[in-house]
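J.: pasting a predicted model and its sequence here:
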Amino acid sequence: MTNHVKTALIILSDPNVGSDDVNGKLFNALAAAYDFKQADQEVTILFQGAGTRWPALLEQPDNPFHGLFEAVKDKVQGVSSGCATVFGADPSGYDLITTNAVPGTSGLPSFVQLQQEGYQIITF
């Protein structure tokens, strides 16, 4: 029996807070992505809100989450364009997501579109 479950993991936590709670949310999001990937289930990762600050940090080899991030990096859909602007994030090297055309922004990910594409959404 084939499982057609699709999961979108939305990372919102702000790395600038530097708390165990924030690091735990990121770690659990990456671990969930790894789990879905190992189970050969469709999974995608989006960075939104202050979470748009994470990708630049995760690219650094000395980041404690770098290894796990590298294991699931191929599942990253992209970074919220509008949020990267608001939170001053550097999304270099990642696709900017603009599917939710919120006025006054360059666009954010559309949760409606993700649901219409069959994704269940989990936020971290």
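T.: It's in.

J.: host element of the residue nearest the centre of the chain?
T.: The chain has residue 46 as the residue nearest its centroid, 2.7 Å off, counting by CA atoms, centre = their mean. Counting by DSSP states H and E, the element that carries residue 46 is strand 42-47.

J.: how distant is that strand from the center of its chain?
T.: Here the centre of strand 42-47 is set off from its chain's centre by 6 Å, with CA atoms, centre = their mean, to the nearest Å.

J.: run me through the strand neighbours of it, direction for each.
T.: According to DSSP bridges, strand 42-47 has the following sheet partners: strand 6-11 (parallel), strand 76-80 (parallel).

J.: who wins for proximity to residue 111 among those?
T.: Closest of the strands paired with strand 42-47 to residue 111 is strand 6-11, at 8.1 Å (criterion: CB to CB). Glycine gets a C-beta too; all of them are placed from N, C-alpha and C.

J.: good, wrapping up.
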